[in-house]
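> My questions are about this predicted structure, shown below with the sequence.
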Amino acid sequence: MNLRSKKTISAKLLKCGINRIWFDPEENDKIAKALTNQDIQKLINEKIIQKKQKKGVSRARANIKLTQKKKGLQKSAGNRKGKAGARQGRKARWIKQIRAVRRELLVLRAKGIFNKGEYRKMYRLGCGGVLKSRAYTRMYAKKFIKKQ
């Protein structure tokens, strides 16, 4: 039994595509007897003819990945795209570095490892990019300031 014409009418009434129309397989003879739009509308009201739900792309996997990234995971070299500068700019990196070095210099001066003049010299070295990290700042202070 060909119900193609009934499908096109019901698709028009339900305002969707033909492929989204579902007929109740037990009520095929009732559907075949329906001729007019009103008959088909009655079958729609009786839930013999229904509109299938649209299929979408699931975001479940994407949401899991996002929660992992919020935790700080999945950020290794294989998962990165773009240059290092795309993730953190040059200036932001510099600010982070220089603030850490300057904080370390203040700590060392408070401990009395060097005096005010040596502190200024080390401060200028930090500005020049010689002192790259806190650890290197500590090492540099112990090696070169004590020798002078």
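Received it, and whenever you're ready, just let me know what you need.

> counting contacts, what elements does the helix or strand encompassing Arg138 pack onto?
Using DSSP states H and E, Arg138 maps to helix 134-140. Other helices and strands packing on helix 134-140, by 3 or more Cβ pairs under 8 Å, 6 or more residues apart in numbering; DSSP states H and E, are helix 90-111, helix 116-127. Heads up, the C-betas are built off the backbone N, CA and C, glycines and all.

> Just the angle for the longest one relative to helix 116-127, thanks.
The reference is to helix 90-111. 160 degrees (axes from the mean of the first three to the mean of the last three Cα atoms, to 10 degrees).

> host element of the spatially most central residue of the chain?
Nearest to the mean C-alpha position of the chain, by Cα atoms, centre = their mean, lies Leu66 at 4.9 Å. For Leu66, the host element (DSSP H and E) is helix 60-70.

> elements contacting that helix?
Using 3+ Cβ pairs under 8 Å, 6+ apart: helix 60-70 touches no other helix or strand.

> mind exporting it as CSV, just the C-alpha atoms?
This file holds the C-alpha atoms of helix 60-70, laid out as CSV (Å, rounded to 0.1, in the frame of the first residue of the first chain):
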residue,chain,number,x,y,z
ALA,A,60,28.1,15.6,25.2
ARG,A,61,31.7,14.8,24.1
ALA,A,62,32.5,18.5,23.6
ASN,A,63,31.1,19.4,27.0
ILE,A,64,33.3,16.7,28.7
LYS,A,65,36.3,18.1,26.9
LEU,A,66,35.5,21.7,28.0
THR,A,67,35.1,20.6,31.7
GLN,A,68,38.5,18.9,31.4
LYS,A,69,40.1,22.0,30.0
LYS,A,70,38.6,24.1,32.8
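
> which other residues reach the next helix or strand after that helix?
Remark: after helix 60-70, the chain's next helix or strand is helix 84-87, criterion DSSP H and E. With contacts defined as Cβ atoms under 8 Å, 6 or more residues apart in numbering, helix 84-87 is touched by Arg80.

> how about a cut-off of 10 Å?
With contact meaning Cβ atoms under 10 Å, 6 or more residues apart in numbering, helix 84-87 is reached by 75, 80-81, 90-93.

> Pick out whichever of those residues sits closest to Gly56.
Lys81 (25.8 Å; Cβ to Cβ).
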